[in-house]
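# Sequence unavailable; structure follows:
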Ligand code: SF4
C-alpha cells in the first residue's frame, strides 16, 4: 500500500512566497511527528510533501491513502487536493487545526477526519483502515506526553529551509487568550525531561527552537528541563508570556541553559485590549520594565502585536512604530486580528454578525476578515501595511539592532540578519495582502 502525507499550504501564500520567507521557515515538525506515528509494516511506500517547498503531484503515483494536515488559511487548498485525489480513488483523511475546529466542514471533503492530536487517533485509524473498518471521525485528546515519539525528521525535506531544528517540550499553555486556536488542539502535559534531553542530543545541533506555545507555562517543569539542558551547551529560543520578565530566577536559569531569545505576544499597548482579549498579563504600562528585565539577563525579546482590537483607534495604531521604538525590543512583528474558527473571538464575532468573509484563504493575519469597531476593514489593512513599513525602515532596522543591549554581544550579526529578514517578511506580507 502507498501513503501520501501532505502539510498543506495556502496556495496564495506558496505562490507569493519570497526568498526571505523561505529562508525564515523551518522543516515541518508536524509531518515529522505524524510520520513517527505510523506503525511499521503497513505501507510499502510513504511519500511526504511539505507544500512550503514542494509541489503536490496528483498523477505521479496511485496512492491508497492520502493524509492532509492544514490550518484555516490552507483549508481551501486542502479541499482542492481532496477533490483531485478522490478522483484517483484514494481514501482521504484530514486533520490539523482547521479540521479539528470545523470537523463537519472537513468531513464534506474527505472520508475520515482526525479531530485534535493525532498521537492516539492516527494509529487507531490506520489499524481500522487496514482491517477495512475506518470510522468517519477519530477524536482523542487523552494523549500522554510520556508516550510521544521523537519526530522522524530525516523523512521530511530540509530544502530551502533554515537548518535550525525545532522541537516541543510542552504543548500546553494554561492560558485562554480569546484569539488563540492552540487550545482547540493541545491539552497535554509536559514531556518527560529525559525524553526532551534525548531528542536534543539526537539533533546534534548547537542551536534549536522550542515551538512550545509558552515554554515557561509550567514553571517547575521549565526549571527542571533547563537545568538538565545546561551540560548540552546549546543555544535556544522559544515563546514566553510577559510575566516571564518578572521572574528573575527563571530568566537566570534560562540564560544559563542557553536561552538567547524569547518571543512574547505583547499584542497591544492598550491594557483594555489585553483585558478584552482575556490575556493573563494585562498591564501594558509594564512592558518597558519587563523588556529591560529580560535584557538584563542577556535574553533578546521579539514582541508581537495584533492590530484590530475593539479599543484600537486609527491614531493609536498609527503611533505604534514610534511607541514600539520606546520599548527597546530587538525584533517586532505585527498581525491583523484574525478570529479563527474554534476561538472565542470567532464565536463572538459570528454571533455579532461581524465576520465579513468566510473565505478561509484570507484568514492569514494580513487581511481584515471582520468588521473592526473604529475603522473600516480596508483602513485597518492599510494601517497594518504602514505599520510594518515604518517599523522596518532601514533607519529603524539599524537603530533597533545597534541600540539593543545585544549589540555588544557576539549575536549582533544574528540580530541584524533577523531584523533585515523581518523587513523583507513584511514586504512579502504587503504583496500577499489581497485588499
Ligand atoms: S498565551 Fe499564547 S498560546 Fe497561550 S492561549 Fe495565549 S496566545 Fe495562546
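Good, I have the coordinates. What you see is a predicted model, and the numbers here were worked out from it, not measured in a lab.
# and the strand or helix carrying residue 421, what other elements does it pack with?
Taking DSSP states H and E as the criterion, residue 421 maps to helix 412-432. Other helices and strands packing on helix 412-432, by 3 or more CB pairs under 8 Å, 6 or more residues apart in numbering; DSSP states H and E, are helix 11-16, helix 19-23, strand 331-336, helix 377-391, helix 394-402. Every C-beta, even on glycine, is put in place using the N, C-alpha and C of the backbone.
# Recalculate using a threshold of 10 Å.
In this structure, helix 412-432 packs against helix 11-16, helix 19-23, strand 259-267, strand 300-307, strand 331-336, helix 377-391, helix 394-402, with contacts taken as 3 or more CB pairs under 10 Å, 6 or more residues apart in numbering; DSSP states H and E.
# What strands flank the third one, and is each parallel or antiparallel?
Here strand 259-267 has these sheet partners by DSSP bridges: strand 235-240 (parallel), strand 300-307 (parallel).
# does any part of the longest one sit near the ligand?
No. Looking at strand 300-307 against the ligand by CB under 6 Å from any ligand atom, there are no contacts, and the closest approach is 9.3 Å.
# Could you tell me which residues within the helix or strand just after that strand count as buried?
Following strand 300-307 in sequence order, the next helix or strand is helix 314-318 (DSSP H and E). Neighbour counts over helix 314-318 (16 or more other CB atoms under 10 Å) mark 316-317 as buried.
# Residues touching helix 314-318, excluding its own?
For helix 314-318, contacts defined as CB atoms under 10 Å, 6 or more residues apart in numbering pick out 268-270, 273, 305, 307-309, 323, 334, 372, 374-375, 379-380, 382-384, 386-387, 390.
# ok, 8 Å please
For helix 314-318, the surrounding residues in contact (CB atoms under 8 Å, 6 or more residues apart in numbering) are 269-270, 307, 374-375, 379-380, 383, 386-387.
# I'd assumed residue 205 was in contact with residue 235.
No. Taking CB atoms under 8 Å as the definition, residue 235 is not a contact partner of residue 205, at 9.4 Å.
# about what we covered before: how about JSON lines for the strands paired with strand 259-267, with mean neighbour count added?
Listed next are the strands paired with strand 259-267 as JSON lines, based on neighbours: other CB atoms under 10 Å:
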{"stretch": "strand 235-240", "mean neighbour count": "22"}
{"stretch": "strand 300-307", "mean neighbour count": "22"}
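# Export these as TSV, with columns for mean pLDDT and distance to residue 185.
Listed next are the strands paired with strand 259-267 as TSV, based on pLDDT from 0 to 100; distance: least, CB to CB, whole Å:
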stretch	mean pLDDT	distance to residue 185
strand 235-240	96	15
strand 300-307	97	19
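# I'd like those as CSV, with distance to residue 179 appended.
Below are the strands paired with strand 259-267 laid out as CSV (distance: least, CB to CB, whole Å):
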stretch, distance to residue 179
strand 235-240, 15
strand 300-307, 7
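# what angle sits between the helix holding residue 421 and strand 331-336?
Orientation of helix 412-432 against strand 331-336 (axes from the mean of the first three to the mean of the last three CA atoms, to 10 degrees) gives an angle of 20 degrees.
# Distance from the chain centre to helix 412-432, please.
17 Å (CA atoms, centre = their mean, to the nearest Å).
# rank the helices and strands packed on helix 412-432 by pLDDT, which is bottom?
Among those, helix 19-23 has the lowest mean pLDDT, at a mean of 56.
# Just give me the neighbour total for residue 195.
Neighbourhood size, residue 195 [other CB atoms under 10 Å]: 17.
# pLDDT score for it?
With respect to pLDDT, residue 195 has a value of 95.
# so how far is residue 223 from it?
17 Å (CB to CB, to the nearest Å).
# the strands in this structure, which residues?
Here the chain has its strands, by DSSP state E, at 2-7, 45-50, 65-69, 91-95, 112-115, 137-139, 166-167, 207-210, 235-240, 259-267, 300-307, 331-336.
# I'd like the ones you listed written out as CSV, with distance to residue 250 added.
Formatted as CSV, the strands of the chain follow (distance: least, CB to CB, whole Å):
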stretch, distance to residue 250
strand 2-7, 33
strand 45-50, 34
strand 65-69, 33
strand 91-95, 34
strand 112-115, 34
strand 137-139, 35
strand 166-167, 20
strand 207-210, 14
strand 235-240, 9
strand 259-267, 10
strand 300-307, 14
strand 331-336, 21
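# still on that earlier bit, tell me what angle the helix holding residue 421 forms with helix 394-402.
Per the same axes, to 10 degrees, the angle that helix 412-432 makes with helix 394-402 is 140 degrees.
# Near the ligand, which residues of the protein are found?
173, 175-177, 180, 182-183, 213-214, 241, 265.
# List buried residues within these.
Using 16+ other CB under 10 Å, the buried ones in these are 173, 175, 177, 180, 182-183, 213-214, 241, 265.
# Please dump those into a markdown table; it should also carry distance to residue 191 for every row.
Below are those laid out as a markdown table (distance: CB to CB, whole Å):
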| residue | distance to residue 191 |
| --- | --- |
| 173 | 15 |
| 175 | 19 |
| 177 | 23 |
| 180 | 21 |
| 182 | 16 |
| 183 | 19 |
| 213 | 14 |
| 214 | 15 |
| 241 | 20 |
| 265 | 23 |
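# From those, pick the one nearest residue 356.
Comparing these against residue 356 with CB to CB places residue 180 closest, at 21.3 Å.
# And the pLDDT at the closest one?
91.
# so who does it touch?
When contacts are counted by CB under 8 Å, 6+ apart, residue 180 touches 173, 213, 343.
# which residues does the closest residue to residue 201 other than its chain neighbours contact?
Once flanking residues are discounted, residue 201 sits nearest to residue 232: 7.0 Å by CB to CB, 6 or more residues apart in numbering. Counting by CB under 8 Å, 6+ apart, residue 232 touches 197, 200-201, 258.
# Let me know the pLDDT of residue 232.
pLDDT recorded at residue 232 is 97.
# Next one: it from residue 200, what distance?
6 Å.
# Same question for residue 107.
For residue 107, the distance to residue 200 - CB to CB - is 39 Å.
# Show me which of these two is the more surrounded one.
Neighbour tally, residue 107 and residue 200, criterion other CB under 10 Å: the higher count belongs to residue 200, 21 against 16.
# Just want to check the distance between that one and residue 229.
7 Å.
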